[in-house]
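**Student:** Would you be able to build a 3D model of this:
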Amino acid sequence: MLWPLIKGSASRWAQSHKCARLVRRASSSAQAGRTAAGGSGSDPGQGADESVTGMFHHILGQNPELKDIVETLEKYIPFIAILLVKLFFDHSAGIVTFICLLTTFTHANSVVKQQVAQQGRKNKLALLAVLVNLVACIGFIYYMFQDEKLYNCAIFLPPSKIESFYDLFWFVGVNDFILKFVSVIFKVGLLLLPNTAVPYQKRGKYFLFIERTSQIHRELAPIHIWLLFLLNGYERIPGKVLGVIMVAVYMVAKGKLLLKSARCWKQAIHKILQSKSYGKNPNPDEIKASGGSCPICYEDYRLPTLLHCKHIFCEECLATWFDREKTCPLCRAQVTEDPEWRDGSTSHFVQLF
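**Tutor:** Numbering: from 1, shown residues only. Alright, predicted model coming up:
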């Protein structure tokens with residue numbers, strides 16, 4: 001079906017290529033005649049371009065292995081399409097749910113990052129809208145799938161049933177998105193607090209702590225679900241032995257990840273407890289020499305801070321900047337360590353294991 005079309009196109013391409021050569025020869029002869037007669041003329045062109053099918057035919061002719069792959073795909077494409085349609089139809093509710101959860105999370109995460117960057121000019125209505133939307137989504141998911149007891153997964157209790165590989169990924173995936181929503185809700189709540197309750201200098205550290213806590217929670221949540229999946233369904237001794245071996249391998253691999261997350265969580269706590277200044281207070285001459293306005297917000301200095309690279313900024317602007325960057329805004333000299341997760345963002349990684 002596909003190969004005869006390619007073959008026919010190749011024949012037409014060869015004929016057009018031959019005609020193009022004849023046209024070029026005739027054009028060259030005419031051009032030579034005009035030149036000899038003292039006339040002037042323009043180049044009529046370089047002939048017809050190679051068609052896409054002709055190029056494809058040439059590539060296949062030079063690569064027999066690729067030709068075999070194309071012919072094999074031609075045979076299997078209809079059956080693969082049928083299986084994909086059936087898969088989507090059988091699990092349409094789950095697929096649509098995952099798409100909706102991903103879209104909701106991506107929007108909420110983007111809004112939070114934007115509002116963190118706005119500093120004192122954040123839009124509280126936008127934050128409240130995200131808060132209401134996330135709470136409503138969590139309630140809607142739990143209500144629609146209440147028979148499956150999805151809420152148990154978040155508190156390390158077994159769900160209703162795990163009978164297949166699809167059930168495993170359904171429970172783990174949906175629960176991971178729910179826990180992400182909870183993390184974003186806490187970050188929105190932190191943003192809505194007044195500066196007197198949480199100083200802006202420490203908000204980035206609290207965002208980091210919330211994210212690290214959420215990540216370690218999300219890594220712990222799938223463990224009991226995976227253990228049930230690996231151990232259940234075996235009645236004979238060989239199957240039970242295989243289940244125990246798989247559980248042991250899973251726990252060893254999971255243990256390494258948990259130790260790394262625990263160290264990161266401990267570092268996040270340490271950063272909250274420590275008080276660090278990015279620079280020192282400049283004298284009036286240094287402020288006057290810098291122009292009197294902050295290069296970040298372009299307004300008069302508010303609590304000016306002099307970095308070790310001799311550049312001056314507002315303390316609030318610096319706190320927000322170093323929640324996203326680790327270098328000076330002007331000269332790119334390194335001032336602080338990696339600012340990961342201090343800008344209010346939440347990890348997109350789906351914890352499926």
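
**Student:** the strands in the protein, which residues?
**Tutor:** 304-306, 312-314 (DSSP state E).

**Student:** Gly139: which of those strands is closest?
**Tutor:** Closest to Gly139 of the strands of the chain is strand 312-314 (CB to CB; 41.1 Å). For the C-beta atoms, the positions are set from N, CA and C on the backbone; glycine is no exception.

**Student:** Just want the most central residue of this protein.
**Tutor:** The C-alpha lying nearest the average C-alpha coordinate of the chain belongs to His348 (CA atoms, centre = their mean; 5.3 Å).

**Student:** Now do the same contact list for that one.
**Tutor:** 105-106, 109 (CB atoms under 8 Å, 6 or more residues apart in numbering).

**Student:** hang on, the earlier thing: point out the most buried one among the strands of the chain.
**Tutor:** Stretch with highest mean neighbour count among these: strand 312-314 (a mean of 24; mean count of other CB atoms under 10 Å).

**Student:** Please indicate which of the contacts of His348 are buried?
**Tutor:** The neighbour count (16 or more other CB atoms under 10 Å) marks 105, 109 as buried among these.

**Student:** Nearest to Lys280, out of the contacts of His348: which one, please.
**Tutor:** Distances from Lys280 to these, taken by CB to CB, are shortest for Asn109, at 35.5 Å.

**Student:** hmm, back to that, could you dump the contacts of His348 into CSV and include distance to Ala253 and pLDDT?
**Tutor:** Shown next, in CSV, are those (distance: CB to CB, whole Å; pLDDT from 0 to 100):
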residue, distance to Ala253, pLDDT
Phe105, 26, 93
Thr106, 29, 93
Asn109, 28, 92
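
**Student:** I'd like the contacts of His348 written out as JSON lines, with distance to Ile77 added.
**Tutor:** Shown next, in JSON lines, are the contacts of His348 (distance: CB to CB, whole Å):
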{"residue": "Phe105", "distance to Ile77": "34"}
{"residue": "Thr106", "distance to Ile77": "32"}
{"residue": "Asn109", "distance to Ile77": "37"}
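
**Student:** Quick check: of the contacts of His348, which lies closest to Cys137?
**Tutor:** Phe105 (9.1 Å).

**Student:** That closest one is in contact with Ile185, isn't it?
**Tutor:** No: in this structure Phe105 lies outside contact range of Ile185 using CB atoms under 8 Å: 11.5 Å.

**Student:** hang on, the earlier thing: looking at the strands of the chain, which is nearest to Tyr76?
**Tutor:** Of all these, strand 312-314 comes closest under CB to CB, at 60.9 Å.

**Student:** Neighbouring strands - and their directions - for the closest one?
**Tutor:** Strand 312-314 has the following strand partners under DSSP bridges: strand 304-306 (antiparallel).

**Student:** which other residues reach the strand it pairs with?
**Tutor:** Defining contact as CB under 8 Å, 6+ apart, one finds that strand 304-306 is touched by 277-282, 286-287, 294, 312-315, 318.

**Student:** Return the members of the residues you listed classed as buried.
**Tutor:** 278-279, 282, 287, 294, 312-315, 318.

**Student:** can you redo the contacts of strand 304-306 as TSV with distance to Gln201 and pLDDT?
**Tutor:** Shown next, in TSV, are the contacts of strand 304-306 (distance: CB to CB, whole Å; pLDDT from 0 to 100):
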residue	distance to Gln201	pLDDT
Ser277	9	67
Tyr278	9	72
Gly279	13	75
Lys280	15	81
Asn281	15	83
Pro282	18	85
Glu286	21	85
Ile287	20	83
Cys294	16	88
Ile312	17	89
Phe313	13	89
Cys314	12	86
Glu315	7	79
Leu318	9	81
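
**Student:** and the longest helix along the chain, what's its mean pLDDT?
**Tutor:** Ranked by number of residues, the top helix in the chain under DSSP state H is helix 237-273. Computed over helix 237-273, the mean pLDDT rounds to 87.

**Student:** how about the strands of the chain, which one is nearest Pro329?
**Tutor:** The nearest among the strands of the chain, by CB to CB, is strand 312-314 at 6.9 Å.

**Student:** any idea how far Asn175 is from Pro158?
**Tutor:** 12 Å (CB to CB, to the nearest Å).

**Student:** what about Ala197, how many residues close to it?
**Tutor:** By other CB atoms under 10 Å, 8 other residues sit near Ala197.

**Student:** again with Val112
**Tutor:** 26.

**Student:** Now it. Nearest residue, chain neighbours left out?
**Tutor:** Nearest non-adjacent residue to Val112, counting by CB to CB, 6 or more residues apart in numbering: Gly344, 4.7 Å away.
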